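Novice: For reference, the sequence and a predicted model appear below.
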Amino acid sequence: MDPAEGTVREQQFLKAEHLVELHSAELKKELRLGDLVLTQILYIVGLAWIGTAAKLGPSHIMFWLAAVVFFYIPSAIVVVHLSREMPIEGGIYQWAKLRFGDLTGFLVAFNLWFYTMILLSEVGITIANNLAYAAGPSGAWITESKAIIIGAGVAVAVVLILVARRGLALGKWVHNLGSATLVVLFCLIAVLAVPRWLSGQATSLPAAFVTPAFTLYNLNIFGKMAFGALSGFEGVAVFAGEYRTLDAARSIRRSVWLAAPLAASMFVAGTAFVLVFARPEEIDLVSPIAQIVSRGASGWSLGRLLTPAILLVLMLVRLAQTSLIFNATTRLPMVAGWDHLLPVWFCRLHPRYKTPVGAIGVIGAMTGVALSLANAGAATQEAFQLLNNSAVIMYALTYLVMFGIPLAAAGERAPWSVQFAALSGFLTTGLYVVLSIFPIITIANPLGFTLKVGGTVLGVNLLGALYFRYVQTKRRRSALV
């Protein structure tokens, strides 16, 4: 690179970073290190992935270990590196924009917005499944009730909007409570599963150090275990302008290393607990924890009361997770508004709470629309897989960009250890993207499923690129007037 060109690029980088810091000064500083650690756990530990991993049977432990080595640790290394270089509000959006340019940054944000909307549209399905398990055999009809699925999803969307509007002063307590409850929930599940496991009454072998067959199906699940389950370290970086500490990079680094061992242990143990109560072929991919809780407590004298109580806790955890994802996503339109890529009202802050009320309203409304459209006409398990695959592929594309920064971004001077970690993470994420267009459940039209997933992802990115081009053209015309 020409030295003069490098100097100009560095000046542009520092100017952009300074502008973000000026805007961030308006935000309320609410988050401490303890909040970040609990946020990491809540953001990463998605309960549905435990059911996906259990489809491998007892050999899941080998794939979990491989996922930790080839993705989990590398992603932590790269996130710590980038947050040290660019500890500013907006996280991965800012990293992509400052290193690869405005278009790449905008597409990263665009994919994350749609990922969130599609992911939150699944909440109704999850709640309906939990209600069905709580009601027992007589409640099986609830899982296919469109009215309950959509009604529950809309109610959750309204709550998310209200919590996000109030800001992290309230939101952090919702997230912290959800994270702590998640840890307690795993302890309760252990109480149900471990005695049955040790007494030899497990439905199937919970874990074994055996190498699974390297079939397309198993590699598909491995990709979901690696990227799908273990991603999320970059989540807290989105709120970098809302930390109480002045050293955001140090806080992010410490929260990553404190949360990582606990989150990984919960995934491995949780998968084994699922297999204590269910064979791989009968696992519920939507609500595996609800499934094992209902089975584990059925023989207890207080089982009738314990099962609904635990399932209620499970729904509260899910609500806290969706609140966290929703809050993080609303920051992306706000910072895109700072860059004049979206109308100014996207970054308009509430006069008292200093939250981006315009972005909150739009994300909430679009989530409600996605919820209604997503649940029209498909069987619940198929709908869940279609939504989940499309959403997480969009999320995976943002990770490919993130891992690409130490490998190929202009002006980047990452150490060889970070580059090695980035390469490992990039390849593992790429495996997930390629294989996730195929379903892991039996459906009537697998080709149609693949086309729907691929078409959704391509359509979203085409829409984002066209919008970006429209904005840029409009700005150039305005400059000429």
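Specialist: In hand now; what should we look at?

Novice: residues near the residue nearest to Leu192 when sequence neighbours are not counted, how many?
Specialist: Once flanking residues are discounted, Leu192 sits nearest to Gly296: 3.5 Å by CB to CB, 6 or more residues apart in numbering. Just so you know, the C-beta spots here come from the backbone N, C-alpha and C atoms, and that holds for glycine as well. For Gly296, the count of nearby residues is 23 (other CB atoms under 10 Å).

Novice: Likewise for Ala155?
Specialist: 13.

Novice: Give the phi and psi angles for it, as a check.
Specialist: Backbone torsions for Ala155, taken as degrees, to the nearest 10, come to phi -60, psi -40.

Novice: Name all residues that make contact with the residue nearest to Leu192.
Specialist: 189, 192-193, 196, 276-277 (CB atoms under 8 Å, 6 or more residues apart in numbering).

Novice: Give the other helices and strands that whichever strand or helix holds Leu407 contacts.
Specialist: Here Leu407 sits within helix 380-408, counting by DSSP states H and E. When contacts are defined as 3 or more CB pairs under 8 Å, 6 or more residues apart in numbering; DSSP states H and E, helix 380-408 packs onto helix 73-85, helix 92-100, helix 102-121, helix 123-135, helix 416-435, helix 446-480.

Novice: Quick one: mean pLDDT over that helix.
Specialist: Helix 380-408 shows a mean pLDDT of 82 in the predicted model.

Novice: pLDDT weak spots in this structure?
Specialist: Within the chain, the ranges that satisfy pLDDT under 70 run 1-17, 134, 136, 286, 297-307, 370-385, 387, 439-444, 480-481.

Novice: Considering the contacts of Gly296, which possesses the most neighbours?
Specialist: Result: Phe277 is most packed of the contacts of Gly296 (other CB under 10 Å), 27 neighbours.

Novice: ok, now which ones touch it?
Specialist: Taking CB under 8 Å, 6+ apart, one finds 193, 196, 202-203, 291-292, 295-296 in contact with Phe277.

Novice: a markdown table please, covering those residues and showing secondary structure and distance to Ala155.
Specialist: As requested, the contacts of Phe277 are exported to a markdown table (DSSP: H, G, I helix; E, B strand; the rest coil; distance: CB to CB, whole Å):
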| residue | secondary structure | distance to Ala155 |
| --- | --- | --- |
| Ala193 | helix | 32 |
| Arg196 | helix | 36 |
| Ala202 | coil | 37 |
| Thr203 | coil | 35 |
| Gln291 | helix | 24 |
| Ile292 | helix | 26 |
| Arg295 | helix | 28 |
| Gly296 | helix | 29 |
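
Novice: ok, so of those, who is nearest Thr126?
Specialist: Gln291 (12.1 Å; CB to CB).

Novice: and that closest one, what does it touch?
Specialist: 51, 133, 274, 277-278, 283-284.

Novice: what's the closest of those to Gly337?
Specialist: Gly51 (38.4 Å).

Novice: Please report how far that closest one lies from Ala157.
Specialist: Separation of Gly51 from Ala157 (CB to CB, to the nearest Å) stands at 25 Å.

Novice: Please identify which of the two sits among more neighbours.
Specialist: The neighbour count for Gly51 versus Ala157, taken as other CB under 10 Å, is higher for Ala157 (26 against 23).

Novice: what about that one, which SS state?
Specialist: For Ala157, the assignment made with DSSP: H, G, I helix; E, B strand; the rest coil gives helix.

Novice: ditto for Ala410
Specialist: Relying on three-state DSSP, one would call Ala410 coil.

Novice: Now Gly90: which helix or strand?
Specialist: For Gly90, there is no enclosing helix or strand under DSSP H and E.

Novice: what are the phi and psi values for it?
Specialist: According to degrees, to the nearest 10, Gly90 has phi 110, psi -20.

Novice: Is it correct that it is in contact with Pro333?
Specialist: No. Gly90 is beyond contact range of Pro333, at 10.3 Å (criterion: CB atoms under 8 Å).

Novice: Compare those two (neighbour count), which wins?
Specialist: Remark: of Gly90 and Pro333, Gly90 carries more neighbours, 29 against 25, as counted by other CB under 10 Å.

Novice: show me what contacts the more buried one?
Specialist: So Gly90 contacts 20, 238, 240-241, 331-332, 335 (CB under 8 Å, 6+ apart).

Novice: Give me the distance between it and Lys172.
Specialist: Taking CB to CB, one finds Gly90 at 19 Å from Lys172.

Novice: ditto for Tyr432
Specialist: 30 Å.
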